[in-house]
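Q: structure for this input, please:
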Amino acid sequence: MVKFEHLTIWHYLSVLFFSLLVVMASDLSFTWLVLLLMSLFLVSSSFWAKDIKLVLFFGFVFASSINITKALIVEGGIYTPGLSISLFDIFLMPLLFLWILEKKLFSGEKIYWSKLHFFPLLFLLWLWISVSYSEDKFAGFLMCISYTKFFIIYVFICDYVSSPKHLRIMLYAVALALLAHFSLAFLEIIFSGQISVQGTKTTTTGVNLVFENAGGVHAFRPSGFAGHPNAFADLLVFVLPVCLALLITGQKYIGRAVWLATAALFVAGGVFLLLTLSRAGWISFAAACVYLLYFGNKKGIVPRRYINRLILVSVVSGVLAVLIYPTVYLRITESDQRSSESRIAMMHQSALIIQRNPVMGVGIAGYNRAARANIPEYFSNLNQWFQAELLKGIVHNKYLLVMSETGTIGLVLFLLTLWRFVSLVPKSDFWTEPVYLALALGISAGIFGQTVFYLFDHFYSDPRITMMYIYFGILTAIVKLQSMHKRSLKEASVCD
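A: Just a heads-up that it's a prediction; the model follows:
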C-alpha cells in the first residue's frame, strides 16, 4: 500500500502538470498519446521511488538521443530551422520547473557556475547577436531559442548532478536508450528497410546503397531511432568510448555484472557501427579511441599492454568484418553515389559565402538563403538537377557552416568551446578516483570524436547537438564531484 505521507509537493505538482499536458495533447496522434502514457507511467513510478526529479532525469537522458519530434513552427525549406517539441521535452520541462522552484523558493542555493560555462555562454550570445543581420531573421530567432535550450540543459546538468548516484542513473538511462536503438535497428535489418515510427524524422537518402562495379551488390544501412545511418553512427561515437573506458577500468571498480553488461553493449555497438556503413563514423570512432588510449596511458589508467591487446583485437576484428560482411570493404573502395562529390561542391559553395562575409557571416540560420545567392564556379560542372538538390541542403561540415553563418568570430568561439572540454581532462591533475577519471576520459573522447565527425556531416539543431551539451554538462559535473571528493579527503587528513 502506498504511504501518502511520504509524498512531496513535487509529486502533486507533477500530477497537475501531466494532467494538463494530457488534456492539451488530446488531439495528438496515436504515437504521441502512447508516448505520453509511457511518460505518465514513468513519472508515476516516482511515487514509489520517492524522488520525482531523479525519475524525470532518467527519462530525459533516455529520450535525449531519440529523434521523435512534433513540429510547432515550420519555417522555410528542409534545412531551414523551425521550432519543435522533442520527446525529451516531456521530461525536461517539468524537471526544469521543479529544479528552479526548489532553488528559488526552498533551498535558496545558487546555481552552480564555473569557468567552463564561459565559452558556451559567449557562443550563445554571439548567436543571438547574429540574428540581427541574418539572411533569415525569423528562422535565426527560432534557432537561437533551440540553442538557448541547449545551454539551459548544460547549466541544469552541471548543477543537478551532485552525487555518484546521478552518474549511475545517467549511465543506466544511456544503456536503456542504446537497447532501444539496437532493437529498432535489428528489426530494420530483419525487414531490410526503415521502420516508420510516427514522429521520427527519417530520410531515405543514402540508406540503400548499390555498388554497381561490384555486380550490383545492395546494402541497407540501419538508423535506429536516430533518423539516418550517419546520425546513428554519430550516437555510437558518443557512447562507445565511454563503454570502452569503463571496460578498461575493470571489474574491481564497477562490478562484474556492470562490466559484463557494458562489454555486451560495446560489442553490439561496434557491430551496428559497422552496419551503418558510415565512413565518417568509423573515422571518428577510431579518433576517439586513439584519444582515449593515449591520454589514458598518460594518466596511468590504460597500461601499455592494454593498448597492444586492443590494437591486436581491432586488426583481427577488422579482418573478420571484411570476410563476413564484404560490403564494409566495398563502402571504402567503390563509388559512393556522388556523396563525396556533393560534399566537395557544397564546400565550394560555403567557401564563397565565407569569402564574401568573412568576419560576421550571413547570420544564424541564414545559410540556405545565402547559398541560393552565392553560386560558385564549381557548380558549372554539375547538371541542373544536381545543383537544385544541393541548394536544398547545407554544407556537410560543421565548421564551415558555423563560419558561413557566424563568421570568424563565431567560429573562434565555437572552437574555443570545443577545445575547453576536449583539453580539460588531459590538462588536469586533480584526479583521485579512477572511475571518475575513466568516465571523464570516455566522455572527453566522445566529444573529441564529434570534433572529427563535424568535418564530414551537417549538424544544426538535432539530437546530436543536445547530446553534445549533455556531455559538456556531465563532464563539468564530474569535475565538480572530483573537486568535492578531493576537498573532503584534505579535510579528513587535516582532522586526523
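Q: residue ranges for the strands of the stretch 151-300 of the chain, please.
A: Per DSSP state E, counting those that start in this stretch, the stretch 151-300 of the chain carries strands over the ranges 208-211, 217-220.
Q: what's in contact with the first one?
A: Contacts to strand 208-211, defined as CB atoms under 8 Å, 6 or more residues apart in numbering, come from residues 216-221, 277, 327, 330-331, 334-335, 337. Using the backbone N, CA and C atoms, a C-beta is placed for each residue, glycine as well.
Q: for it, which strands pair with it and how are they oriented?
A: strand 217-220 (antiparallel) (DSSP bridges).
Q: just the C-alpha atoms of the partner strand, please, in CSV.
A: Written as CSV, here are the backbone C-alpha positions of strand 217-220 (Å, rounded to 0.1, in the frame of the first residue of the first chain):
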residue,chain,number,x,y,z
VAL,A,217,25.5,-5.5,-54.6
HIS,A,218,22.8,-3.9,-52.4
ALA,A,219,23.3,-2.8,-48.9
PHE,A,220,20.8,-1.5,-46.3
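Q: list the buried ones in that strand?
A: Within strand 217-220, the residues scored as buried using 16 or more other CB atoms under 10 Å are Ala219, Phe220.
Q: and that strand, what's its mean pLDDT?
A: Mean per-residue pLDDT for strand 217-220: 83.
Q: and that strand, how far out from the chain middle?
A: 28 Å (CA atoms, centre = their mean, to the nearest Å).
Q: residues in contact with that strand?
A: With CB under 8 Å, 6+ apart, strand 217-220 has contacts from 188-189, 192-193, 207-211, 277, 327, 330-331.
Q: next: stretch 365-377.
A: The contact list for stretch 365-377 (CB under 8 Å, 6+ apart) reads 76-77, 79-81, 134-136, 139-140, 142-143, 345, 348-353, 356-357, 362, 387, 391-392, 394-395, 401, 404-405.
Q: circling back: name the member of the contacts of strand 217-220 with the most neighbours.
A: Leu277 (25 neighbours; other CB atoms under 10 Å).
Q: show the pLDDT at that residue.
A: pLDDT at Leu277 comes out at 90.
Q: columns distance to Lys149 on top of the strands of the stretch 151-300 of the chain, output as a markdown table?
A: Compiled in a markdown table, the strands of the stretch 151-300 of the chain are given as follows (distance: least, CB to CB, whole Å):
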| stretch | distance to Lys149 |
| --- | --- |
| strand 208-211 | 34 |
| strand 217-220 | 34 |
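Q: of these, give the one that comes closest to Phe88.
A: strand 217-220 (28.0 Å; CB to CB).
Q: any regions of this structure where pLDDT drops low?
A: 1-50, 74-82, 198-202, 204, 214-215, 335-337, 485, 487-496 (pLDDT under 70).
Q: dump the residue contacts of the closest residue in space to Lys299 that isn't next to it in sequence.
A: Closest residue to Lys299 apart from its sequence neighbours, by CB to CB, 6 or more residues apart in numbering: Leu437 at 6.1 Å. Residues in contact with Leu437 (CB under 8 Å, 6+ apart) are Lys299, Ile301, Val425, Trp431, Gln482.
Q: domain ranges for the chain, per the record?
A: Structural domains annotated on the chain: 4-110, 161-334+423-460, as defined by automatic domain parsing.
Q: and among those, the most buried is which?
A: domain 161-334+423-460 (a mean of 18; mean count of other CB atoms under 10 Å).
Q: hmm, who's touching the helix or strand containing Ile85?
A: Using DSSP states H and E, Ile85 sits in strand 83-86. Residues outside strand 83-86 that contact it (CB under 8 Å, 6+ apart) are 63, 67-73, 75, 142, 145-146, 463, 466.
Q: let's see 10 Å
A: 32, 63-64, 66-75, 92-93, 139, 141-143, 145-146, 149, 199, 201, 461-463, 466 (CB atoms under 10 Å, 6 or more residues apart in numbering).
Q: ok, of the contacts of stretch 365-377, which come out buried?
A: For the contacts of stretch 365-377, a burial check counting by 16+ other CB under 10 Å picks out 79-81, 134-136, 139-140, 142-143, 345, 349-353, 357, 362, 394-395, 401, 404-405.
Q: name the helices or strands packed onto the host helix or strand of Leu72?
A: Here Leu72, judged by DSSP H and E, is contained in strand 69-73. Counting contacts by 3 or more CB pairs under 10 Å, 6 or more residues apart in numbering; DSSP states H and E, strand 69-73 is packed against helix 30-44, strand 83-86, helix 137-160.
Q: same thing but 7 Å
A: On a contact count with 3 or more CB pairs under 7 Å, 6 or more residues apart in numbering; DSSP states H and E, strand 69-73 meets strand 83-86.
Q: show me what the strand it packs on pairs with in its sheet, parallel or antiparallel.
A: Here strand 83-86 has these sheet partners by DSSP bridges: strand 69-73 (antiparallel).
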